[in-house]
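> Structure here, sequence nowhere to be found:
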Ligand SMILES: Cc1ncc(C[n+]2csc(CCOP(=O)(O)OP(=O)(O)O)c2C)c(N)n1
Ligand SMILES: Cc1ncc(C[n+]2csc(CCOP(=O)(O)OP(=O)(O)O)c2C)c(N)n1
Ligand SMILES: [Mg+2]
Ligand SMILES: [Mg+2]
């Protein structure tokens, strides 16, 4: 497996294929090199380089004190990170899988999210919590949860998720640089997705909170993020044959939410579908559909629809393809956007 | 403080004022008397009778083994309850306050919600988790969270919340009788709300999952639950003077969600406002507004609006009144339902 | 303030704080200074030869099971396999000390314990094959679902044992966890509940030296993991986890103690994970060959085989017979795992709740339509090909 | 399978498992069999008289502070007050053993420790008055926010101490928690991290006998809470929590040890909560007068006063002077707490994020409109009344 360190070694400047995992590793490395207060901690992040090898090479380059294998206790990890941040460090915590962040929820909700507020701004916590999330990798139970709804419902957190190799780098750099706690959700099944990428001149570090239009179109808007972006882009290509010209918005940041970009797109197209893996009920789609409707009601030709995971615990590997929103389901939803009403 | 035991003593059959806390205590008592497999456990639930006195008298009547003061560890309490349910008991767990349920989230999400599903139906967990929630009681930080969004986003749980004394009894009985795990959210500021109540013939035990129309009206529907029901009823009364005849739906159960009752109401009125204390962003209102819109789009004269707590950590007592949705905010939202469009 | 009213120093004699008394004598709770061993020691003379032979057959079978399951990952028949090669003595002993009415709480690494308890290996491996989350009815076998979120099964074991005791049933629960798992809050809460409730539960920590890549020294600074018992007021026992006779004896005593109503015990079995964490892991990244080799000399089968052959209880024929029995089991397992499981996608909705919600009914209906369309498409394709 | 290839029993000598060695000697980690005491014992002779007098003044002041704060709840000037009456020796000693550069991590019950460290009592009580969540700048005073979710402050203390050490700063963190809090998973995880990292942190458990209504016997079956230290590989110290000199000495040694880089210590101070859990609690529901009275005879101020008067270090004048100083403090506190705090509702949105989000700006704008309307209404009403 090539690694961030390997990428770092290849300082040619010429774009070459890199995976999202490599771009993330590089973002960590560059942040650590630039700012000695950046510390990485978590389970297996040191010697092993993380189970997804995102932190590979960091312990070697920066030492065990900068990239630390902790005891196996997520509340302890995040709680310790709080203390480190209180003393002026900038901890980056890795949770090994989505479901294994749950033991840390009390620390997250009652402290990480609230500390700046409860101290009247005196004690901000610049902590980044990296959480590999979502399914599609054939993981056994508890390894494929889409947990973004929990984070979105917690004021005080930023919730960021990249869908491209460039964003993986740029958004992680921005998250680490942020003076607020950021939940950085890494779509597991995109870890090995590749794009041409120049380690010499990596993607710019963009401010957190801006969505981006990945594909322009006039018929309807697909609103999505993270693991579902490739699905939506593929659906948009397939839709051309059916006569639909779909716009695709990649949210990138669930909190803060970029109402402006999203609403502008939907006002243009008049129709929208929200697509995500997370269970539909109580998932991000409800919030997104509600806010779009509040802002674009008189522009809407049809209700904003949602294509989401079913309202069930994540299935066993052999059945996950039936659960995950795929191209067909997206196109079905687009078909249900009451096109007859037009004519 | 009068207590469940006291109420139980007064078997006159004549309705007399009872508080919601008393009705809850009576529901626990009757469930325990009827079914020896019902066990109550939590912090301070025994000798003290709970910090809200809901479990008062139970340890005395049923013994320490049926109503148990546990060590102070919420994951341990809920985890032990899982084991007890595996062995055929029907545990009722008390979490002392909303924010103190967070340490138990891993047990809740990864086990309680999933156990029936992950064992192919072989091992259901009939656990009721009572969680006092919401604000308005002048509690210091961490004592006033509205945590319902977390539970709603977790498939496998039922999420129930009473808003009246009768429902407190009926819904808690039904929750304990349910073969599925139920998160039973008790609106703290309604604990001392009173209603005429007959301990001899308490409210019927209704199936979980039905909303109820608390006030019929034709102008618009207020969709609400728990602590916000009294606010909505008051707003509806006040709205009469402005010429609005508001319908008020009390959801009672967030999961399962009663789409039928809600959609029927909104189709009739053509306008809706969702009202809750929980933060707006990522809160229950988004889901509710989205599903109502999906089902009633062509009946809607205006987008479904939301009146919710701000997207902030719960404020200190002296400022909480500015945070909580009150009558004026509800009326403001009703006024924004684009009435001009009608004429 | 009461202070000023009180008389002066005259009558004052220091006393301990009024309510204070040591709740338990700590001395009996402390583990032995070294892992307890039977094989090759004087204690071996007391061991029942039949038991030793039984353990031997099971160890050989267990080793073969581990090898077979690992092979199945290579053939794509298992999604993942966390091998217990090297830890068979713990797995087997944990299964054998329990009565039928007792409960076992295994982690993801403990399918072998479940199999040794009598579970069909195919059912034990279902989770890891990936067709269902749990391949068996936990209540039928009194084996909790294999647990992945670390240490979360421990409070379950406590609650179950407590419930059984409340019901007057003579049932013990044995819960398995790794060295890494002892760092989780749930470990702490479970042991504390167990001790306070005097629940009939035995905690078996398999200290196999690593939590994935993290060695014990980064996991704890305790004298031993068994020493944690003292802080809960339960006895801690330290045992050589590769000595099947010793593990069986120590666990057996702990189970008997629990059954007598004397409460929980924490057992640390010192062992070693010979394979990588799972087939997906690369152990060379974090440990050297020499360490592995040192442990190979302390192999659980080897230790027992030497004892048995040394005492003339086992000969070459016996060794071959055990191996052959294991091969038969493995061949059967291989064959049965080679069949594709038949799965019904509609099962996704069947067991979320006792009664399907309206919303799930709708979602199920939508999936059914999709599946029918897929099916028709499939038929059309077949038609075309004709 | 390697087993069959290996030679027979000949060369076999039992050895402990290869990698195994006891990580630490457990003996020095074990606490004394009884709570350590100074006052009234031979050890008192070594105590610095100036320190004892200082402790005395602070105890008296602390007792008065508790009484005053409780009174403020009755006058509606505090939303709630969890009194530390009876526990002043712990509160005061915790504050006094720290250097200015050190950090204190208090729980909701430990406002007195914060005040004894030098924090303005009004700022210490702000949370409990209800106008803001934290009344002071934690970094300025090196006092973490008063912590309500039990035991969650402990990993913070570990992380902070660890960070200080990494930065080469000579800083110790002292974290306070109750007997009930020791049952939480966060307690376990924090102590384990501290020991593994050898973080310069001292954990002070105030065992005051109760977690609200739940007595220690329902909380733990351990020989003592200090015995929990052994399971983490750190020393456990047991001390009479009402003996200010003893608590000061034991905490002082633990702080010194931490500062020397020798790692964390767990100190259990055995004490008693003389008042109810908070003013809202009714302690008669769960404990009898006789227990309270027994502890009154072991009152921390009484113990110290007897020592000092017995040794002629304190006379009636000194007692009166201490009391008067305390009264002055209380009067000032009362007066300042009688003023209504001036609050800006717009502050609700000011510190959620470093930079306000668009959504919060919108919400703030809406509230501003509401407040203006309220204000106008208020003006109109006033106009009318004229
Ligand atoms: C709560 C939780 N956190 C993290 C993980 C990921 N994980 C799986 S196994 C493992 C290491 C476990 O080590 P140990 O407890 O020693 O058991 P072993 O694998 O050695 O048998 C980790 C970190 C998990 N399953 N659950
Ligand atoms: C996580 C959590 N659970 C429950 C509570 C509610 N609660 C507040 S104080 C208390 C008792 C704490 O007892 P102890 O730790 O002994 O401290 P003491 O109050 O005696 O100082 C409880 C249960 C809480 N604050 N946090
Ligand atoms: Mg291990
Ligand atoms: Mg206490």
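Looks like it arrived, so ask away. Note that the coordinates shown come from a computational prediction; the quantities given were computed from them, not determined experimentally. Ligands and ions are numbered 1, 2, ... in the order given.
> wait, what's in contact with residue A:202?
Applying C-beta atoms under 8 Å, 6 or more residues apart in numbering or on different chains to residue A:202 gives the contacts A:23, A:26, A:27, A:30, A:166, A:169, A:170. C-beta here means a position set from N, CA and C on the backbone, and glycine is covered the same way.
> Compare these and tell me which is most surrounded.
In terms of neighbours by other C-beta atoms under 10 Å in any protein chain shown, the contacts of residue A:202 top out with residue A:23 at 31 neighbours.
> which residues does that residue contact?
Residue A:23 touches A:7, A:165, A:166, A:168, A:169, A:197, A:202, counting by C-beta under 8 Å, 6+ apart.
> now swap in residue A:168 and tell me
Residue A:168 neighbours (C-beta under 8 Å, 6+ apart): A:20, A:23, A:24, A:27, A:162, A:186.
> My reading is that the second one lies in a strand. Confirm?
No - assessed by DSSP: H, G, I helix; E, B strand; the rest coil, residue A:23 does not belong to a strand; its assignment is helix.
> ok, now how distant is it from ligand 2?
39 Å (C-beta to the nearest ligand atom, to the nearest Å).
> The third one too?
Distance check for residue A:24 against ligand 2: by C-beta to the nearest ligand atom, it reads 34 Å.
> if I pick that residue, what's in contact with it?
A:4, A:54, A:130, A:168, A:169, A:172, A:186.
> Which single one of these is nearest to ligand 3?
Comparing these against ligand 3 with C-beta to the ion places residue A:54 closest, at 22.5 Å.
> dump the residue contacts of the closest one.
Residue A:54 makes contacts with A:4, A:21, A:24, A:25, A:28, A:94, A:130, A:186, A:191, as judged by C-beta under 8 Å, 6+ apart.
> At the contact with ligand 4, which residues of chain C appear?
Listed as neighbours of ligand 4 in chain C under the rule C-beta under 5 Å from the ion: no residues.
> Now residue C:83: closest residue in space that isn't a chain neighbour?
Closest residue to residue C:83 apart from its sequence neighbours, by C-beta to C-beta, 6 or more residues apart in numbering or on different chains: residue C:275 at 3.9 Å.
> buried ones in stretch C:134-153?
Across stretch C:134-153, burial judged by 16 or more other C-beta atoms under 10 Å in any protein chain shown covers C:134-136, C:138, C:141-153.
> Quick check, central residue of chain A?
Per C-alpha atoms, centre = their mean, the C-alpha nearest to the average position across chain A is that of residue A:161, at 1.6 Å.
> just checking, that one touches residue A:148?
Yes - applying C-beta atoms under 8 Å as the test, residue A:161 and residue A:148 come out as touching, 7.2 Å apart.
> what sits in contact with each of these two?
The contact lists of residue A:161 and residue A:148 share A:133, A:185, A:254, where a contact means C-beta under 8 Å, 6+ apart.
> Same list (the residues you listed) but as CSV, adding pLDDT and secondary structure.
Output for those, formatted as CSV (pLDDT from 0 to 100; DSSP: H, G, I helix; E, B strand; the rest coil):
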residue, pLDDT, secondary structure
A:133, 98, strand
A:185, 98, strand
A:254, 98, strand
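> which residues sit in contact with the residue nearest to residue C:83?
Per C-beta under 8 Å, 6+ apart, neighbours of residue C:275: C:66, C:70, C:83, C:85, C:86, C:283.
> surely the fourth one meets residue C:274?
Yes - taking contact to mean C-beta under 8 Å, the distance of 4.6 Å between residue C:85 and residue C:274 places them in contact.
> Local confidence estimate at residue A:15?
At residue A:15 the predicted local confidence, pLDDT, stands at 83.
> Next one: it relative to residue A:23, how far apart?
12 Å (C-beta to C-beta, to the nearest Å).
> Now list whatever residues contact both of those two.
Here residue A:15 and residue A:23 have residue A:197 as joint contacts, going by C-beta under 8 Å, 6+ apart.
> Which of the contacts of residue C:275 sits closest to chain A?
Chain A lies nearest to residue C:283 out of these, by C-beta to the nearest C-beta, at 9.6 Å.
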